[in-house]
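> Structure of the sequence below:
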Amino acid sequence: MQGDCLLQMRQIDKQFPGVRALNSVDFTLRKGEIHALMGENGAGKSTLIKILTGVYQMDGGVITVEGEPVTIRSPQDAQNKGIGTVYQEITLCPNLTVAENMFIGREDSAWIRKKDYEKRAEVILNSLGIPARSTQQLADCSLAVQQMVAIARAVDMKCRVLILDEPTSSLDDKEVKMLFDLMKDLKSQGVGIIFVTHFLEQVYEVSDRITVLRNGELVGEYLTSELPQVELVSKMIGKELEELSALGEAEERETIDNEVFYEATGLTSSEAKPFDFSIKKGEVNGFTGLLGSGRSESVRAIFGADKVNGGNVKIKGRPVKITRPIDAMKNGIGYLAEDRKRDGIIAELSVRENIILALQVMNGIFKPISRSEAEAFADEYIKVLNIKTASRETPVGSLSGGNQQKVILARWLLTHPDYLILDEPTRGIDVGTKLEIQKLVLKLAEEGVSVTFISSEVEEMLRTCSRLIVMRDRHIVGELTGKDLNQTQVMKTIAGGEA
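Numbers count the residues shown, from 1 in each chain. Okay, here's the model as predicted:
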């Protein structure tokens, strides 16, 4: 067993001001295995990875690679030790070719010329089964192929340890399979892979072992085949899943009355085809369908985030015109966008500044929120949503993904919306925070807030929504309620459409 050990991290400690991020954490990676690193946001996964890649310096502990103690002070040190990383956000240059991206920073070396590295890149791509040409512009490749090019770059730099940080969060099922095939190929060549993800099904599909962290401490290391999924979730959140069961079946929940809050007929935008839609007061409904089906485009049209080209909208039976987000906001509509990094947080601003942003926009520049009011608002929602942050003045970009999502939720809750649109509010966040958000959605509905909830995880929508609008090819092809609210019926409707 010791001879198979590729990487060992022992008694790793890391402390930030006011926060102990890691407390004597152990981690072992063997040759030729895929090892899932699991835990809630804030559990310490990112900190452990950043120590291994030289972004952070550990306060205590020992790292060995193939039995030899190593000191990693920078990403270059990690690369020299055979440790490669591919992040969720692709860090390559889309305006360059595949080959140029694979050899970026090395193309001027005396031992390699442009034609040489194009040929070398072609050999690597072919050997790994990556469907791309070396001379092809990276921007013309799918996200999955771009991820694979980043992996190929790491492989060519002789990486022995490959870290994949949320590599599948933006991929469809076919692209995920392509990536998994490549991971299995590298595994057969003896590369050790650390797989960081929030998709539990993917963990069981591809990983050999699982290490679970919680609150900066090691919970344990397990063989994937010996750890049932329900136990994994329990270990991650530190409690049994009784609360999840207590959410009950969506079909058993009724809206608080029959009043229609929002109604649209023939609504269309630059990105959405004409559709009809309505939601009652206190109802939780959702758009579901495959990637590209038009889910996000539809809710962006409702909020006026894309150019609205036509249609009629009523709120509480009164005709209104919503062509811009500010129109929607003034009519009691809030919108948490699908891409929190691009359309949600302003990373360099503090938690406080991010929370008050929407309310300040609604108030206008001539009615600034005072510092004391802003601090009180921030403190209130940090407490209500259990946002893990050192202080209200912490830059929101330094928070974990789940806590960033809570900050955006706080921003919209502060406006006291009548209708809240949540597009992928639980994507890329841990199981515990997902549960908190689902419970919050149901609580808001009980208080009379209308909620449209979108998630790529159908089971999550079935637990949360009392009505699902099914989409395909940017058209509504079905509507499910009551006994039809089940995964089989959702899949049949997507596959069969109007027929």
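> What distance do you get for Y56 to I151?
According to C-beta to C-beta, to the nearest Å, Y56 stands 23 Å off from I151. For every residue, glycine as well, the C-beta is placed using N, CA and C.
> Neighbour count: the two, which is higher?
I151 (24 against 18; other C-beta atoms under 10 Å).
> For that one, grab phi and psi.
phi -70, psi -40 (degrees, to the nearest 10).
> My guess is it contacts L182. True?
Yes: using C-beta atoms under 8 Å, I151 is in contact with L182, at 6.4 Å.
> Quick check: neighbours shared by the two?
Common contacts of I151 and L182, defined by C-beta atoms under 8 Å, 6 or more residues apart in numbering, comprise L128.
> can you pull out the helices in the stretch 151-300 of the chain?
Counting by DSSP state H, counting those that start in this stretch, the stretch 151-300 of the chain has helices at residues 173-188, 200-206, 229-237, 242-246, 295-303.
> Average pLDDT for the shortest one, rounded please.
Spelled out, it's helix 242-246. For helix 242-246, mean pLDDT is 50.
> Which of the helices of the stretch 151-300 of the chain comes out lowest on mean pLDDT?
For these, mean pLDDT drops lowest on helix 242-246, to a mean of 50.
> Show me what the helix or strand containing V451 is packed against.
Using DSSP states H and E, V451 sits in strand 450-454. In terms of contacts (3 or more C-beta pairs under 8 Å, 6 or more residues apart in numbering; DSSP states H and E), strand 450-454 is packed against strand 275-280, strand 284-288, helix 295-303, strand 419-423, helix 431-446, helix 458-464.
> can you list the ones you listed in TSV and add mean neighbour count and distance to A99?
Listed next are those as TSV, based on neighbours: other C-beta atoms under 10 Å; distance: least, C-beta to C-beta, whole Å:
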stretch	mean neighbour count	distance to A99
strand 275-280	19	44
strand 284-288	25	40
helix 295-303	24	34
strand 419-423	25	37
helix 431-446	20	40
helix 458-464	19	40
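> nearest to F103, of these?
Evaluated with C-beta to C-beta, the helices and strands packed on strand 450-454 place helix 295-303 nearest to F103, the distance being 36.0 Å.
> which is the next helix or strand following that closest one?
Counting by DSSP H and E, the element after helix 295-303 in chain order, helix or strand, is strand 308-315.
> Tell me the neighbouring strands of that following strand, and mark each as parallel or antiparallel.
Paired with strand 308-315 in the same sheet, following DSSP bridges, are strand 260-269 (antiparallel), strand 318-320 (antiparallel).
> what separates D173 from A144, distance-wise?
The gap separating D173 from A144 is 11 Å, by C-beta to C-beta.
> More neighbours: which of the two?
Neighbour comparison, D173 and A144: the larger count goes to A144, with 22 against 10 (by other C-beta under 10 Å).
> which non-adjacent residue is nearest that one?
E175 (3.3 Å; C-beta to C-beta, 6 or more residues apart in numbering).
> Same question for G266.
G311 (4.3 Å).
> A154 now?
Leaving out its chain neighbours, the residue that sits closest to A154 by C-beta to C-beta, 6+ apart is G84, at 2.9 Å.
> P368 now?
In space, and not counting its chain neighbours, P368 is closest to Q360: 7.0 Å by C-beta to C-beta, 6+ apart.
> doesn't that neighbour fall inside a strand?
No: the assignment for Q360, made by DSSP: H, G, I helix; E, B strand; the rest coil, is helix rather than a strand.
> For it, grab the count of nearby residues.
Neighbour tally, Q360, other C-beta under 10 Å: 17.
> Double-check it against S370; I have them as touching.
No: Q360 is beyond contact range of S370, at 11.0 Å (criterion: C-beta under 8 Å).
> and among the strands paired with strand 308-315, the most buried is which?
Across the strands paired with strand 308-315, averaging neighbours per residue (mean count of other C-beta atoms under 10 Å) puts strand 260-269 on top, at a mean of 19.
> Now do it: distance to the chain's middle.
On the basis of C-alpha atoms, centre = their mean, to the nearest Å, strand 260-269 sits 29 Å off its chain's mean C-alpha point.
> repeat for stretch 51-66
On C-alpha atoms, centre = their mean, the centre of stretch 51-66 falls 26 Å from that of its chain.
> Likewise for stretch 304-323?
With C-alpha atoms, centre = their mean, you get 30 Å for stretch 304-323.
> can you list contacts of it?
Outside stretch 304-323, the residues that touch it by C-beta under 8 Å, 6+ apart are 259-272, 274, 297, 300-303, 324-325, 327-328, 331-333, 335, 337.
> Distance check, the closest residue to G289 other than its chain neighbours against P425.
Sequence neighbours aside, M471 is the residue nearest to G289 in space, at 3.7 Å (criterion: C-beta to C-beta, 6+ apart). Computed as C-beta to C-beta, the M471 to P425 distance reads 18 Å.
> same check, this time on V284
Separation of V284 from P425 (C-beta to C-beta) stands at 12 Å.
> Please apply the same query to I345.
Separation of I345 from P425 (C-beta to C-beta): 13 Å.
> OK, contacts around the nearest residue in space to A139 that is not next to it in sequence?
In this structure, A139 finds its nearest non-sequential neighbour in P94, 3.8 Å apart by C-beta to C-beta, 6+ apart. Going by C-beta under 8 Å, 6+ apart, P94 touches Q137, L138, A139, Q146.
> Buried members of those into ChimeraX, please.
Burial among those is assessed by 16 or more other C-beta atoms under 10 Å; the matching ChimeraX selection reads:
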select :138,146
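> Next, format the contacts of P94 as TSV and append distance to M38 and secondary structure.
Shown next, in TSV, are the contacts of P94 (distance: C-beta to C-beta, whole Å; DSSP: H, G, I helix; E, B strand; the rest coil):
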residue	distance to M38	secondary structure
Q137	36	strand
L138	31	helix
A139	33	helix
Q146	25	helix
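> where does the stretch 251-400 of the chain have low pLDDT?
Scanning the stretch 251-400 of the chain for pLDDT under 70 picks out 251-257, 291-292.
> let me fix that: the stretch 1-150 of the chain
Using pLDDT under 70, the flagged stretches of the stretch 1-150 of the chain are 1-3, 41, 88-90, 105-115.
> quick one, strands of it?
Assigned by DSSP state E, counting those that start in this stretch, the strands in the stretch 1-150 of the chain fall at 5-16, 19-30, 34-38, 60-65, 68-70, 83-86.
> would you list the ones you listed in TSV and tack on mean neighbour count?
Formatted as TSV, the strands of the stretch 1-150 of the chain follow (neighbours: other C-beta atoms under 10 Å):
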stretch	mean neighbour count
strand 5-16	18
strand 19-30	19
strand 34-38	25
strand 60-65	16
strand 68-70	11
strand 83-86	24
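> I355 is nearest to which of those strands?
It's strand 19-30; of the strands of the stretch 1-150 of the chain, that one is closest to I355 (C-beta to C-beta) at 19.9 Å.
> Would you mind pulling the contact partners of stretch 343-354?
336-337, 341, 357, 374-375, 377-378, 382, 387, 389, 391-397, 399, 404-405, 407-408, 411.
> Report the buried members of those residues.
Buried members of these, counted by 16+ other C-beta under 10 Å: 336-337, 357, 374, 377-378, 382, 387, 389, 392, 394-396, 399, 404-405, 407-408, 411.
> Next, check the residues you listed against the helices and list the overlap.
Taking DSSP state H, the ones among those that sit in helices are L357, A374, F377, A378, I382, Q404, Q405, V407, I408, R411.
> can you redo those as a markdown table with distance to F16?
As requested, those are exported to a markdown table (distance: C-beta to C-beta, whole Å):
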| residue | distance to F16 |
| --- | --- |
| L357 | 25 |
| A374 | 24 |
| F377 | 25 |
| A378 | 20 |
| I382 | 17 |
| Q404 | 17 |
| Q405 | 21 |
| V407 | 18 |
| I408 | 23 |
| R411 | 25 |
